[in-house]
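Asks: below are the sequence and a predicted model for it; my questions follow.
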Amino acid sequence: MTGTAGGATRETTGATLAGAVVVFAAANVLNNRVARRLAPLTSAVATGTLVAMARRSGLSWSDMGFRDGARGARIGGALAAVVAGAYTVGITIPATRRFFRDERALSLSRAQVLEQILLQVPVGTVLLEEVGFRGVLHGLLARSYGTPAATAVSSALFGLWHVLPAIDMAAANPALGALAAEADPVKPREPREPREAVPADPVTPADSPELMASAGASGANVVRVVAGSVISTGLAGVLFSELNRRGGLAAPAILHTATNSLGYVFARLAGRGGEPGGDVSPDRAP
């Protein structure tokens, strides 16, 4: 009897997981290629769909991380303060300031930056990623395969989820591509003429040929940046999963929001300071 019930549970979980992957894939393409500005709407619909699927499969609210709100808020708030401190140190040091420059952030108006910080990041990004990966996906996998397997698989998928955003990031931040090229132990470093970064057109996709060329993002460098992003976000997924285990979804959601939203703020601060060692550009719009 137990074996039959267990088999039925795994069969139900498998079907729900397959449906969840389809929802994730559709949302990823819509948010990163088709309708970027509508990401909050797309993510809200996708999140609601995933939660409904999980509840129908038998997951409880607690299984999905909707618990320990006060404890999670304390943990997330403390870690958000650490992120703010690390970012402050990062833009203060000339050697690391260049890695905060992001032409996507520098090309935005103040109103657009506020939209990113208050709407696009928390609703368009964090809501779906935390409820989807740490809540629904992790909960489904943990029920049938255990917590370690759930953390490993959901974190790996979370890393792969960032392939498209990483392509955009490689185009918008040439310093990352240059760092990836310098770290290649096989390819000899070639001298390059300094190039002036070209602000991204908010309407033009960040992976367009024009922007890729203007940013100096070669195909090889893009591959390196994407690989690094997949690995780093996969590891971040492990951290977020552990935070969810200790403090529910509130903990990773607050840290995740702080990491991304403060990223826009510090990217603009780094841009206003010019290139490392350079002067503040007087014609750079704040």
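Replies: Thanks, I have the structure now. Numbers count the residues shown, from 1 in each chain.
Asks: show me the helices in the stretch 101-250 of the chain, by range?
Replies: 103-106, 110-115, 127-129, 138-145, 147-161, 163-172, 174-182, 209-214, 219-247, 250-272 (DSSP state H, counting those that start in this stretch).
Asks: can I get these in TSV including mean neighbour count, distance to Gly90 and mean pLDDT?
Replies: C-betas here are computed from N, CA, C, even on glycine. Shown next, in TSV, are the helices of the stretch 101-250 of the chain (neighbours: other C-beta atoms under 10 Å; distance: least, C-beta to C-beta, whole Å; pLDDT from 0 to 100):
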stretch	mean neighbour count	distance to Gly90	mean pLDDT
helix 103-106	21	14	83
helix 110-115	13	19	95
helix 127-129	25	23	99
helix 138-145	21	30	96
helix 147-161	18	23	98
helix 163-172	22	16	89
helix 174-182	19	12	63
helix 209-214	16	24	47
helix 219-247	18	15	95
helix 250-272	22	7	93
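Asks: to Val82, which of the ones you listed lies closest?
Replies: Val82 lies closest to helix 250-272 among the helices of the stretch 101-250 of the chain, at 8.8 Å (C-beta to C-beta).
Asks: which helices and strands sit right next to that closest one?
Replies: Under the contact definition 3 or more C-beta pairs under 8 Å, 6 or more residues apart in numbering; DSSP states H and E, helix 250-272 sits against helix 69-92, helix 103-106, helix 110-115, helix 219-247.
Asks: let's see it at 10 Å
Replies: Identification of packing neighbours for helix 250-272 by 3 or more C-beta pairs under 10 Å, 6 or more residues apart in numbering; DSSP states H and E yields helix 69-92, helix 94-97, helix 103-106, helix 110-115, helix 127-129, helix 219-247.
Asks: pull the CA atoms of the third one into CSV?
Replies: As requested, C-alpha coordinates have been extracted for helix 103-106 and formatted as CSV (Å, rounded to 0.1, in the frame of the first residue of the first chain):
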residue,chain,number,x,y,z
GLU,A,103,25.1,50.6,-19.4
ARG,A,104,21.5,49.3,-18.9
ALA,A,105,21.3,51.2,-15.6
LEU,A,106,23.2,54.2,-16.8
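Asks: I'm done for today, thanks for sticking with me.
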